[in-house]
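Visitor: Here is the input, now give the coordinates:
(3 chains)
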Amino acid sequence: MSNVATFDTRTEAKIPVESPLAYSYRRSGAPAPTAKSRVVLRERPFLGHLVLRGGAIVLDEAVREVLGVSLPGEPQGLVHDAEGQRSVQWISPDEWLVIVPGGEEFELENRLRAALGDAHFAISNVGGGQTLVELEGEAARELLMKSVIYDVHPSHFPVGKGVTTVFAKATVILRRPSEARWELVVRRSFADYTYRWLLDAGEEYAIGVER
Amino acid sequence: MFYIHCPYCGETREEEEFHPKGQAHIARPEDPDACSDEEWGDYLFFRDNPRGIHHELWVHAVGCRKFFNVTRHTVTYEILETYKMGEQPTFTADGGEGHPEGRPSSDAADQAPLREGVRA
Amino acid sequence: MSQPRTQENRLAQGGRIDRSRKLSFTFNGKTYQGHAGDTLASALLANGVDIVNRSFKYSRPRGIFAAGAEEPNAVVQLGKAEAAQVPNVRATQQALYDGLEARSTNGWPNVQRDLMGLVGKLGGQFMPPGFYYKTFMAPASMWMTYEKVIRKGAGLGRSPMENDPDIYDHLHQHCDVLVIGAGPAGLAAALAAANSGARVILADEQEEMGGSLLDARELLDDKPAEQWVAETLAALSGMDNVTLLPRTTANGYHDHNFVTLHERRTEHLADTAPLKDGRRQVRSRLHRVRAGRVVLATGAHERPLVYGNNDVPGNLLAGAVSTYIRRYGVVPGQKLVLSTSNDHAYRAALDWVEAGREVVAIADARANPDGELVEQARAKGIRIIAGSAVVEAKGDSRVNGARVAKIDAEGFRVVGSAESLACDTIASSGGYSPVIHLASHTGSRPTWRDDLLCFVPNTVKGVAAAGGAQAVYATAEVLADGIKAGARAAEESGFAAGEVRLPSVAERRDGAPCALYQVPHEKPTLRAPKQFVDLQNDVTAAGIELATREGFESIEHVKRYTAMGFGTDQGKLGNINGMAIAARCLGRSIPEVGTTVFRPNYTPVTFGAIVGRHCRELFDAERYTAMHQWHVEQGAEFEDVGQWKRPWYFPRKVNGKTETMHEAVARECLAVREAVGILDASTLGKIDIQGPDAREFLGRVYTNKWAKLVPGRVRYGLMCKDDGMVFDDGTTSCLGENHFLMTTTSGGAATVLEWLEIWHQTEWPELEVYFNSVTDHWATMTVTGPEARKLMAEVTDIDLDKDAFKFMDWKAGNVAGVPARVFRISFTGELAYEINVQANYALHVWETLFAHGDKYGLTPYGTETMHVLRAEKGFIIAGQDTDGSVTPEDLGMQWAIGYDKPFPWIGKRALSRPDTARTDRKQLVGLKPKDTKVVLEEGAQIVLDPNHAIPMPMVGHVTSSYYSPTLDSGFALAVVKGGQHKMGETVYLPMADGQVHEAEIVSTIFLDPKGERQNV
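Guide: A predicted model of the protein is given here:
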């Protein structure tokens, strides 16, 4: 749509990049996982994050055409493509979060815009503003119970679910892509606080950080 | 700490995810310039403070960011219902029998004489 | 150290203690021994320690009275190290551990020889209720002095003077059924609920789960009750839908079944949490539980009888006597007199006799006691004095006798003469009060049941009481009640409850209890020996009677006047007796008088548990920009802006000395005015607005016009609420015909986004527009100053020619090789470029600017310099120069008001309200102090006549004030009544120290009024 200014904020040039947790690793360190670690933290930096706004029916067609997955129409839905590399998450009745491998997002936005044509929708690139943090291990759920107010019991939080909720004194998007793994989508400016909180609360589980 | 059902998320969630935004169903006058100073002042500043049924506007701030309405009893703090924007409450203060604090008014006729303050 | 004393009151066998594990502990400096499984109270009783405290007001010696949370006397200070001090610990709830150190909280110089005791001895005449109010009222200024002395005498425990070395946390729990209390009702309820598959949490405040079954006489399935407890707990702990929380008190019941549980995880091990596998353990944990249904299986507290000197050590609750004997193998005396109004209390006498000690007599208030336990007592040859009660205890530091007298059927008068019985222990029971505290936390008032002689909890949605909590006492019935409540709770949560087998319990026939609260004395209440109602707060029957005589008729007023049920006690033992006494004095019934409100917390909670992990560096979320590390490395001082940490100023080291803030800010200001400076402006809120109606929407929420802003241009906008008051401002850029980027103040980002949404969602849902926050996506750096263009030219491919890239234009291009949007907007009044890049690249761009900036004198500046520079230009900060009572007209910003816009934009109508149209409103002006060295105080009040008598009429106040290195003068922004028409007039600012500053009202623009510097 010519009436919206798209902008590729990435460059192919060899420019040093810093993930939202770069400062935190330097400041607080990153304890390596050991055999005793009952929970492991891993950042998946520099992914492509797009916010998709619009009506579900309109967006669903375009998303299926471009990404090959259907838009999760039910609240709290989270779907992945066949490779598990691309996900679409319900955020609100007219909002979805799309996360794709870093570098794909601008092309994806353009293809979605082309597919959506004159429909009323919006796409915002937010990849620089948030990062994905994974938690794995038998103590991951208890660590989350210390941190988020949302019920993370498997009967209430099955695989394929994602919610926006309160994390300590910040907010996160919490997702469960698989039985073993939890994902936190953390805003860049809150990333250091979130990281320090997880290290502190995870100390009793000998939390390790994979880098 | 309330436990509030978000009609858009379809789930009951902790109060910390929400912000209260005051009395519900306060519509902005269509033509503010046609309002007398008194009418405009009434719209701006005057709100109900009932003992009992109260309709409130809340937003699921840490969540879907949608605004919705809550019918709450201001004495027991019981939340009788939540409903989307544009919908009307089922429980109202002038309901007589049925529910101890108000009754579900299911048919449209009951919607008309909603008490002062339920305007939009 | 002296030799440990022997445990003279310890039985050779019995109880649930481990005699093979000896633990040594000290109390008030003396060393004693106890066993694993003891509480501090049971160990003290085993060692024959009579006096554990001095009372709060009268300083009378007090001993252990109860065996659980309701203990009023044995409230101790715990902890060896200073950092580990814990006040207000009930000895009855504190597990014994090796090396435990405890002290009495009251008693000066010590509990045995207490100077304050004299006051208590001399009696109530000197300290009636309201004593403090009446005596220390005047002069008011002396109260602080009085208070210190009173507190030293009273003592409430003390908090540690060093930092707590322990860690604490919170756990957010969710369950279908929360069962509070793991006695027979709670265990049965948990079992029934758990069998349905529901998620169940069972919490119990004691060291061991089992409640009354741990000292019950009954057999369950022909086995000791404790065996059934063990089997049930084993079954429950094997189910993964069940969470068992021992040592966990439900302290507060909040709205919609939100319950706070305080779990003491290491308090039974040591006074600071020991390491576990080399890692720190959480000492205390607050579980924040959202439960579908709550079963209150909190049991009942026994009511003591109120008789003369019922506080002398050696007076105990009847049930506590049984608990100490059966659970801890401790008999707290040699010769017992029991005074009771019911059958159940006979257990104390039976247990006493079975322990091999002497029961002198049982004074039973009922005329014809005949239940099964009564018969058992008779069979053991115990003397039962029917229709009587203990009217007075004898003894000072320990009971040495009891006066027993016949009383009338109503329990109002002594009939006949009293008999003196020699004894060292008096156990009493006036019946049982269900523990209704949690149900009352909701504000629901309990109901008095005349048939049961107690209050039972009223209906609360989602909550059900079971067993003793609703006055069901017989073990078989309690178990059945628990199963019923647990099954129903599960069913209401959507689970089908399975069958749970009830253990068989032999039925027991109990006689009916009688009502007895205050035991009559030969003398009238006011002259009788003190009859204590609330032992912790030293409230007597006479005190309550006096309060009612003085006109306090509401029980809530009686409570406040006498302090009954105050503080950490929350009326556990005394409230019902107190209400009954007040009712009698007022000639009303108990339900007419009603109860006071019980409030959270049920028992004290350590602050650590409340705070959890939200302390020290995790006290609040701190938000950082992508350049934060660079700022830290440069030694920046930081300022909190909302949760953001923004560089405040960058002090340099000059000749080994660090600049003061004043020096650094002056240097930074001049750098911007004379060369080039750079500001990290990433914290500005940024909202991406897309949609065909985006422009229309902007026109409705901003005061100024947006119809003609073309792509590539930027405009300043002002936002009002519908009352016409300014609440935020910022620039918005037109990115495309249907695409805008709005900026907000750093602190206002979330508020503004919510503001846009509320209007869109509630008033104008038909407008096709979406708002998304992109604040964190973009890092923003402002390069500003006369040399800005030269510096930018070195790092960007954007054409910077002044005609190609004009003031209030934006361009896309590369900066330092990174895709960027650059906005020519200025908050300093100088030539300025605001560079926006994706935040992951920001540090690289920032550092590249510095690599090129040295030769131009590139200087980083912080928020303080930003404030000075913008104030010199008269640019407002929403929230500093405005406060929710300032209109755009008050700011003199008529140029930003689209009076003739077609849509009645937010705030427009209010501008013509009589109050907003007044000409004498406070208006924004500049102030030039007459003495240029003076920097006026922000917030200072402005007057027109400094010689006016106090109170002077105040006409306004200073909103922003700084020293300007460019002007070499102090200057300020202020709001002054009618100020826009007072240019050149002199105003005065009287200060707290007596100085009066003089200032001239001037334009808000102190520098470059035509804006030539930014437009080059």
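
Visitor: For the longest helix along chain B, buried residues please.
Guide: What stands out as the longest helix in chain B, according to DSSP state H, is helix B:37-45. Within helix B:37-45, the residues that count as buried by 16 or more other C-beta atoms under 10 Å in any protein chain shown are B:40-41, B:43-44. In this view, the C-beta of every residue, glycine as well, is placed from N, C-alpha and C.

Visitor: do stretch C:495-511 as well
Guide: Result for stretch C:495-511 [16+ other C-beta under 10 Å]: buried residues C:495, C:497, C:500, C:503, C:505, C:510-511.

Visitor: got it, and stretch C:601-621?
Guide: Those would be C:601-606, C:608-614, C:618, C:621, for stretch C:601-621 by 16+ other C-beta under 10 Å.

Visitor: Now for residue A:187: which residues touch it?
Guide: By C-beta atoms under 8 Å, 6 or more residues apart in numbering or on different chains, the contact set of residue A:187 is A:129-130, A:170-171, C:776.

Visitor: Of these, which are in range of chain B?
Guide: Contacts with chain B are made by residue A:171 out of the contacts of residue A:187, judged by C-beta under 8 Å from any C-beta of the partner chain.

Visitor: Mind checking which of the contacts of residue A:187 land in strands?
Guide: Using DSSP state E, the members of those that fall in strands are A:130, A:170-171.

Visitor: mind exporting stretch C:230-250 as PDB, just the C-alpha atoms?
Guide: Extracted C-alpha coordinates of stretch C:230-250, given in PDB (Å, rounded to 0.1, in the frame of the first residue of the first chain):
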ATOM      1  CA  ALA C 230      -0.300 -40.600  58.600                       C
ATOM      2  CA  GLU C 231      -2.100 -42.800  56.100                       C
ATOM      3  CA  THR C 232      -4.200 -40.000  54.700                       C
ATOM      4  CA  LEU C 233      -1.200 -37.700  54.400                       C
ATOM      5  CA  ALA C 234       0.700 -40.500  52.600                       C
ATOM      6  CA  ALA C 235      -2.200 -40.900  50.200                       C
ATOM      7  CA  LEU C 236      -2.500 -37.200  49.500                       C
ATOM      8  CA  SER C 237       1.200 -36.700  49.000                       C
ATOM      9  CA  GLY C 238       1.200 -39.400  46.400                       C
ATOM     10  CA  MET C 239      -1.300 -37.600  44.200                       C
ATOM     11  CA  ASP C 240       0.200 -35.100  41.800                       C
ATOM     12  CA  ASN C 241      -2.900 -32.900  41.800                       C
ATOM     13  CA  VAL C 242      -2.400 -32.200  45.500                       C
ATOM     14  CA  THR C 243       0.000 -29.700  47.000                       C
ATOM     15  CA  LEU C 244       0.600 -30.100  50.800                       C
ATOM     16  CA  LEU C 245       1.800 -27.000  52.600                       C
ATOM     17  CA  PRO C 246       2.600 -27.600  56.200                       C
ATOM     18  CA  ARG C 247       3.900 -24.700  58.400                       C
ATOM     19  CA  THR C 248       1.700 -22.500  56.200                       C
ATOM     20  CA  THR C 249      -0.800 -20.000  57.600                       C
ATOM     21  CA  ALA C 250      -3.700 -18.700  55.600                       C
END
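
Visitor: Please determine whether it lies in contact with chain A.
Guide: No: taking C-beta under 8 Å from any C-beta as the criterion, stretch C:230-250 and chain A are apart, separated by no less than 8.8 Å.

Visitor: That stretch near chain B anywhere?
Guide: No: on the criterion C-beta under 8 Å from any C-beta, stretch C:230-250 is out of touch with chain B, staying 14.7 Å away.

Visitor: contacts for the longest helix of chain B?
Guide: B:26, B:28-29, B:32, B:35, C:722-723, C:909-910, C:913-914.

Visitor: How many residues are close by residue 33?
Guide: Looking at chain A here, since you left the chain open. 20 (other C-beta atoms under 10 Å in any protein chain shown).

Visitor: my bad, the chain I had in mind was chain C
Guide: 19.

Visitor: and it, which of the three is it?
Guide: Recorded secondary structure, residue C:33: strand (DSSP: H, G, I helix; E, B strand; the rest coil).

Visitor: Tell me the confidence at it?
Guide: At residue C:33, the model reports a pLDDT of 97.

Visitor: Spell out which residues make up each domain of chain C.
Guide: Annotated domains of chain C cover C:1-163, C:167-300+C:435-492, C:304-430, C:525-605, C:646-680+C:779-861, C:685-773, C:916-1002 [automatic domain parsing].

Visitor: Can you pull out the low-pLDDT segments for chain C?
Guide: C:1-5, C:107-155 (pLDDT under 70).

Visitor: Would you mind naming what in chain B lies close to chain C?
Guide: B:1-3, B:14, B:19, B:21, B:27-28, B:31-33, B:35, B:37, B:40-41, B:43-45, B:57, B:59, B:61, B:65-67, B:75-79, B:85-86.

Visitor: try 7 Å
Guide: Contact residues, chain B versus chain C (C-beta under 7 Å from any C-beta of the partner chain): B:1-3, B:14, B:21, B:28, B:31-33, B:35, B:37, B:40, B:44, B:59, B:61, B:65-67, B:77-78, B:85.

Visitor: For residue C:237, which non-adjacent residue is spatially closest?
Guide: residue C:244 (5.7 Å; C-beta to C-beta, 6 or more residues apart in numbering or on different chains).

Visitor: need the contact list for residue 58.
Guide: Let's take chain A. A:116, A:119, A:121 (C-beta atoms under 7 Å, 6 or more residues apart in numbering or on different chains).

Visitor: not what I meant, chain B
Guide: Residue B:58 neighbours (C-beta under 7 Å, 6+ apart): B:4, B:18-21, B:68, B:70.

Visitor: At the geometric centre of chain A, which residue do we find?
Guide: In chain A, the C-alpha nearest the mean C-alpha coordinate belongs to residue A:185, at 3.8 Å (C-alpha atoms, centre = their mean).

Visitor: Kindly apply the preceding question to chain C instead.
Guide: residue C:610 (6.4 Å).

Visitor: which residue packs closest to that one, ignoring adjacent ones?
Guide: That would be residue C:286: by C-beta to C-beta, 6+ apart, it lies 6.5 Å from residue C:610.

Visitor: next one: residue C:908
Guide: residue B:32 (6.9 Å).

Visitor: Report the separation between that neighbour and residue B:44.
Guide: 10 Å (C-beta to C-beta, to the nearest Å).

Visitor: C-terminal to the helix or strand where the residue nearest to the centre of chain A lies, what's the next element?
Guide: Per DSSP states H and E: residue A:185 is located in strand A:181-187. Next in sequence after strand A:181-187, counting helices and strands by DSSP H and E, comes helix A:191-202.

Visitor: Mind checking the pLDDT average for the helix or strand just after that next one?
Guide: The helix or strand immediately downstream of helix A:191-202 is strand A:208-210, counting by DSSP H and E. Across strand A:208-210, the average pLDDT comes to 98.
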